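K.L.:
Generate coordinates for the sequence data below:
(one chain, ligands or ions: 1)
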Amino acid sequence: MSTNSLFNPINLRNHQLINRFVLAPMTRRSATSEGIATSEMADYYHSFAKGGFGVIITEGTYTDDRFSQADLNQPGLVNETQVEAWATIVNRVHQFDSLIICQLMHGGALSQCREQTIAPSAVLPKGVRNTEDGGLIGPFPLPKEMSSEDFSEVLNGYVQSARLAYEAGFDGVELHAANGYLFDQFITPHTNLRTDRYGGNMYNRLRFLMEVFQGIKEVVPEEFIVGIRLSESKVNDLTYRWPGGSATAIELFDILKEINADYLHIAAEGGNWARECLYEDGLSSSGLAKKITGVPIISNGGLHDISIAEALLSNQEADLISIGRAAIANPDFPQRVAAGNSTVPFFKELIKPSLTLSHTRTVLEKFK
Ligand SMILES: Cc1cc2nc3c(=O)[nH]c(=O)nc-3n(C[C@H](O)[C@H](O)[C@H](O)COP(=O)(O)O)c2cc1C
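P.N.:
Coordinates of the predicted model:
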């Protein structure tokens, strides 16, 4: 298959995409301290639409004023001021033929900025907070086990944020169930010790995610996209893999197929698809997701290597590919690939999750 496969149109619900390139969600910590998106963020997202990305997924955006926020200067989607700020960004992106999807995120136990956190169970997270991002330093706090009131508040927060995303003009939302954050804490056996209907077997561990998905579907119009992002690796545990390998993946996707998500985004947070998505038996999480659920699959992790991206498409292991770090250095990544032009390499200084947009600009200038 030639590079052309990356430029074949495809549909997400009733939206036809211009190509298979998706901007991966990336935290930029550049909103105001009240979680309001800025004009700097509008320029940033506009640059990817102008650069030819078929779909832009925003950075993780918090969903309630209580426990969801994961980072300082993270944008939120919980009030009208935040909606208006996002609407400006959405309009800038829609000047081009790109879709824009808001990633909705609850940090759970992995908040960089909250003194008190909630999680499925009171289990101390691995690792320490990121000392460079101006948030709290040292170990993560011990989270509070979620009560039934917490369940309702998280669910209502997600449903209301999805409603507000529609009001802001977004084409859809992505539920962040990857990278070790709240929904992933439910899926992962060692962070979910619950003995009620939300703990124990895989169905129970997926139940809350599926309830939130269905709660959102009940309030948004038919054409509004609701996708889900999953991963094995976690921000605080990059080498974590599902305990049963491909057997766990098969069990998980067999259950998730029930809800018929508009897409699944299978991520490799550490940036290496083969290391984080491939099993010893040669099967892959994205390939299994595609085969079992039948919904469009976005693959991620080092896929700026176009030969790997093309192979995933031709092997039926993905329908779309998301690009993170390489897009920061190349907002016009799809156009460069289409023209057969080389891309600017990305380097460590550019891609620390703690870097804000203004830091990124300074680094890019320095290395020009
Ligand atoms: C600066 C930075 C911030 C990130 N923030 C998020 C985020 O908000 N939500 C998310 O799901 N993944 C986040 N990620 C992970 C990326 O979406 C992606 O999985 C990772 O960069 C690997 O893809 P790549 O090899 O194309 O860079 C972030 C990655 C980076 C580098």
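
K.L.:
most residues in a single strand of this protein, which one?
P.N.:
If each strand of the chain is counted by residues according to DSSP state E, the longest one is strand 225-234.

K.L.:
near the ligand at all, that strand?
P.N.:
Yes. Counting by CB under 6 Å from any ligand atom, the ligand is contacted by strand 225-234 at residue 229. For every residue, glycine as well, the C-beta is placed using N, CA and C.

K.L.:
average model confidence for that strand?
P.N.:
Here the mean pLDDT over strand 225-234 is 97, rounded to a whole number.

K.L.:
now do stretch 267-276
P.N.:
Model confidence over stretch 267-276, given as mean pLDDT, is 93.

K.L.:
just stretch 212-220 next, same as before
P.N.:
Averaging pLDDT along stretch 212-220 gives 98.

K.L.:
mind listing what the closest residue to residue 169 other than its chain neighbours touches?
P.N.:
Distance criterion CB to CB, 6 or more residues apart in numbering; nearest residue to residue 169, sequence neighbours excluded, is residue 90 at 4.0 Å. By CB atoms under 8 Å, 6 or more residues apart in numbering, the residues touching residue 90 are 100, 168, 169, 170.

K.L.:
In a markdown table, list the residues you listed along with secondary structure and neighbour count.
P.N.:
Shown next, in a markdown table, are the contacts of residue 90 (DSSP: H, G, I helix; E, B strand; the rest coil; neighbours: other CB atoms under 10 Å):
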| residue | secondary structure | neighbour count |
| --- | --- | --- |
| 100 | strand | 27 |
| 168 | helix | 22 |
| 169 | coil | 16 |
| 170 | coil | 26 |
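
K.L.:
Most widely separated two among the residues you listed?
P.N.:
100 and 168 (9.4 Å; CB to CB).

K.L.:
List the buried residues for the helix or strand hosting residue 90?
P.N.:
Of the helices and strands defined by DSSP states H and E, residue 90 is found in helix 80-93. For helix 80-93, burial by neighbour count (16 or more other CB atoms under 10 Å) applies to 82, 83, 85, 86, 87, 88, 89, 90, 92, 93.

K.L.:
what sits against the last one?
P.N.:
If I follow you right, that is residue 93. 45, 46, 48, 49, 56, 100.

K.L.:
Kindly export stretch 62-75 (C-alpha atoms) in CSV.
P.N.:
What follows is stretch 62-75, C-alpha atoms only, in CSV (Å, rounded to 0.1, in the frame of the first residue of the first chain):
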residue,chain,number,x,y,z
TYR,A,62,-11.6,18.7,32.9
THR,A,63,-15.3,17.9,33.4
ASP,A,64,-16.2,19.2,36.8
ASP,A,65,-15.1,21.7,39.4
ARG,A,66,-14.6,19.1,42.1
PHE,A,67,-12.0,16.5,41.6
SER,A,68,-11.5,16.2,37.8
GLN,A,69,-8.7,18.7,37.2
ALA,A,70,-5.3,17.0,36.5
ASP,A,71,-3.0,19.9,35.8
LEU,A,72,-2.6,23.6,36.5
ASN,A,73,-3.7,25.8,33.6
GLN,A,74,-5.6,22.9,32.2
PRO,A,75,-8.7,24.0,30.2
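
K.L.:
Noted, bye for now.
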